[in-house]
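K.L.:
Generate coordinates for the sequence data below:
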Amino acid sequence: MAKIDEKVFLQNLMERFADYVPQNTAKAIIADIREELENFQLISVIPDTPAADDSDDLASLWLNAKTVEGLSEKSIAHYRYCLERIRESIGVPLNKITIDHVRKYVADELERGISKITIQDYQRVLLQFMRWLNDEGYISENSCKTMKLIKFPKTKKDPFTQEQVQLVRECAADDKERAVVYFLLATGCRVGEIVGLNRSDIDWRELKLNVTGKGSKTREVYFDEVTALMVQRYLTTRKDDHPALFLSKTGTYFTTGGIQAMMRRIGRRAGFQTNPHRHRRTLAQTCLDRGMALEEVQVILGHEKIDTTLRYAHANQRNTENSYRKYACM
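P.N.:
Predicted coordinates:
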């Protein structure tokens, strides 16, 4: 509890009494209160707030708020790491950081050869934190509010072509790799959504399942008969009773890194880059090319905002020409 100065307390009482009792009466009452309080110490009933330079406490409060908003443990850990790195690099408490500090930090990181993508990621976390400090009243002014994120040229992330899809399937080394490839292409799941799946999660009759995605949100995803066949064929090769749908070499649940490494191996055999997210992008593009509504693709991929789904939509020139001749020709 925070201490309050006795003189301040009594002066506040005097000012309140002055509105409805004579001044002499107010002074007499204050004198009696002062005498009564000689053996006591006044304290405030207002909870303490973090000290002005206690950036660890402020960061913890912000991360608690993000947890309540539904951010995953992985995202919270990433935010914490970013704030710690930034504070170490800049050398001042987080709530004392100014726009000049951030500009110098960005320039120093560029000079060190850090990628612009990484710098932007750290910068975005810091600017979110500074905005929260200002909104919650922990700082009187956010000097970073006018700062723009560092820009970098964005590379086009293409989905697989139909030929590449076939190559990826053919370059799977065994039933497990083949099952994972088919499952990723059919469901469009994020890699983090499949590593914890159990056999019992699959509805084989309806060819669907529920997965838990970003923000601990659950959605329904679907697959086809061929994918079901490939996954069931893989399961028949297993002699264990582990509940995991896909089992790692160590006999435990896969990690995201394990699935990513598997995809890199398949990509080396196929002769081009492949990763779990490219499978997801391919499903989105295939659905859009075949006429599925953008809103439905959004639901399948589990995107909160449709703008995110739009980034997956690469206009196919032939489809564009066909659509033009169908809808625009007079």
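
K.L.:
Against Leu207, how distant is Ile30?
P.N.:
80 Å (Cβ to Cβ, to the nearest Å). All C-beta spots, glycine's among them, are computed from the backbone N, C-alpha and C.

K.L.:
So what's the residue count around Thr255?
P.N.:
Thr255 has 14 neighbouring residues, counting by other Cβ atoms under 10 Å.

K.L.:
Could you list the low-confidence segments of this structure?
P.N.:
1-10, 12-21, 39-55, 154-156, 313-326, 329-330 (pLDDT under 70).

K.L.:
what domains does the record give for it?
P.N.:
Domains of the chain are assigned by automatic domain parsing as 6-39, 55-135, 162-321.

K.L.:
out of these, which comes closest to Ala328?
P.N.:
With Cβ to Cβ as the criterion, Ala328 lies closest to domain 162-321 of those, at 10.3 Å.

K.L.:
Spell out for me which residue occupies the centre of this structure.
P.N.:
Nearest to the mean C-alpha position of the chain, counting by Cα atoms, centre = their mean, stands Ser75 at 4.8 Å.

K.L.:
I figured that one hits Lys66, correct?
P.N.:
Yes. Using Cβ atoms under 8 Å, Ser75 makes contact with Lys66 at a distance of 7.4 Å.

K.L.:
Surely Cys189 is in a helix?
P.N.:
No. Going by DSSP: H, G, I helix; E, B strand; the rest coil, the assignment for Cys189 is coil, not a helix.

K.L.:
how close does it get to Val195?
P.N.:
Cys189 is 10 Å from Val195, by Cβ to Cβ.

K.L.:
does Gly70 sit in a helix, a strand or a coil?
P.N.:
Strictly by three-state DSSP, Gly70 counts as coil.

K.L.:
Spell out which helix or strand contains Thr274, please.
P.N.:
Following DSSP states H and E, one finds Thr274 outside all helices and strands.

K.L.:
what's near enough to touch the nearest residue to it once chain neighbours are set aside?
P.N.:
Nearest residue to Thr274 in three dimensions, chain neighbours excluded: Gly267, at 3.6 Å (Cβ to Cβ, 6 or more residues apart in numbering). By Cβ atoms under 8 Å, 6 or more residues apart in numbering, the contact list for Gly267 reads Val168, Gln273, Thr274, Asn275.

K.L.:
Work out the gap between the helix or strand encompassing Leu229 and the centre of the chain.
P.N.:
Secondary structure from DSSP H and E places Leu229 in helix 225-236. Its chain's average C-alpha position is 32 Å from that of helix 225-236, according to Cα atoms, centre = their mean, to the nearest Å.

K.L.:
and the helix or strand just after it, which residues are buried?
P.N.:
Of the helices and strands lying after helix 225-236 in sequence (DSSP H and E), the nearest is helix 256-270. Using 16 or more other Cβ atoms under 10 Å as the test for burial, helix 256-270 gives Gly258, Ile259, Gln260, Met262, Met263, Ile266, Gly267, Ala270.

K.L.:
and if you look at stretch 180-200?
P.N.:
180-195, 197, 199.

K.L.:
circling back: between the buried residues of helix 256-270, which is closest to Leu83?
P.N.:
Gln260 (26.2 Å).

K.L.:
can you count the residues close to Lys74?
P.N.:
11.

K.L.:
counting contacts, what elements does the helix or strand Asn24 falls within pack onto?
P.N.:
Using DSSP H and E, Asn24 falls within helix 23-36. With contacts taken as 3 or more Cβ pairs under 8 Å, 6 or more residues apart in numbering; DSSP states H and E, helix 23-36 sits against helix 6-17.

K.L.:
Strands of this structure, residue ranges please.
P.N.:
Using DSSP state E, the strands of the chain run over residues 208-212, 218-222.

K.L.:
Any chance of those strands in TSV with mean neighbour count and distance to Glu163 as columns?
P.N.:
Listed next are those as TSV, based on neighbours: other Cβ atoms under 10 Å; distance: least, Cβ to Cβ, whole Å:
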stretch	mean neighbour count	distance to Glu163
strand 208-212	16	29
strand 218-222	15	25
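
K.L.:
List the buried residues of the longest helix anywhere in the chain.
P.N.:
For the chain, the helix with the greatest residue count under DSSP state H is helix 116-135. For helix 116-135, burial by neighbour count (16+ other Cβ under 10 Å) applies to Lys116, Ile119, Tyr122, Gln123, Val125, Leu126, Leu127, Phe129, Met130, Trp132, Leu133, Asn134.

K.L.:
swap in stretch 71-83?
P.N.:
Leu71, Ser72, Ser75, Tyr79, Arg80, Cys82, Leu83.

K.L.:
got the contact list for the residue lying closest to Asp201 once chain neighbours are set aside?
P.N.:
Of all residues not flanking Asp201 in the chain, Leu209 sits nearest, at 5.0 Å (Cβ to Cβ, 6+ apart). Residues touching Leu209, when contacts are defined by Cβ under 8 Å, 6+ apart, comprise Thr187, Leu197, Asp201, Ile202, Asp203, Glu220, Val221, Phe223.

K.L.:
And Leu209, how far from Thr187?
P.N.:
If you go by Cβ to Cβ, the gap between Leu209 and Thr187 works out to 8 Å.
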